[in-house]
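Trainee: What would the 3D arrangement of this be:
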Amino acid sequence: MIGFSVSVLPAGDGACTVVRLAGEADTSTTELRDALAAQVATGPRLLLVDMTALTFIDSGATQMITGAYQVLNRTGGTLALIRPAPGVARVLELLGVDRLIPVYGSVEEAIESARWPG
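Mentor: Numbering: from 1, shown residues only. All right, here's what the predicted structure looks like:
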């Protein structure tokens, strides 16, 4: 594996959290699992996984993301994916993840789409 990094930042005036992924994510990427678990535990209304700088993902890493999506979905939250690179998008498509989890072209687009009343 070439390397992996994850960073977490607020977005949308604090309305959501963005988890930015860079490098290669696979089954052994514990940083991804830990970051998602920590964010899901806070109960966000909207958690965005920015995949712009992610160059590789395998089925194990996608399972970590879909697991986080399912937990948030059960508790009234939403997880969405942001701008996966073409190779990553292809894996998401082959695994059907793009049919389960919404995919947006930008953080702003995802926030706009998830507008909440009040």
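Trainee: Can you report how many residues lie near the nearest residue to residue 92 once chain neighbours are set aside?
Mentor: Among residues not flanking residue 92 along the chain, residue 98 sits closest, at 4.7 Å (C-beta to C-beta, 6 or more residues apart in numbering). C-beta here means a position set from N, CA and C on the backbone, and glycine is covered the same way. Residues near residue 98, counting by other C-beta atoms under 10 Å, number 16.
Trainee: Just the pLDDT for residue 98.
Mentor: On pLDDT, residue 98 comes in at 96.
Trainee: could you measure it against residue 113, distance?
Mentor: As judged by C-beta to C-beta, to the nearest Å, residue 98 and residue 113 stand 15 Å apart.
Trainee: which residues in this protein form strands?
Mentor: For the chain, the strands defined by DSSP state E occupy 4-11, 16-25, 46-57, 78-82, 103-104.
Trainee: In CSV, list the ones you listed along with mean neighbour count.
Mentor: Output for the strands of the chain, formatted as CSV (neighbours: other C-beta atoms under 10 Å):
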stretch, mean neighbour count
strand 4-11, 14
strand 16-25, 20
strand 46-57, 21
strand 78-82, 22
strand 103-104, 18
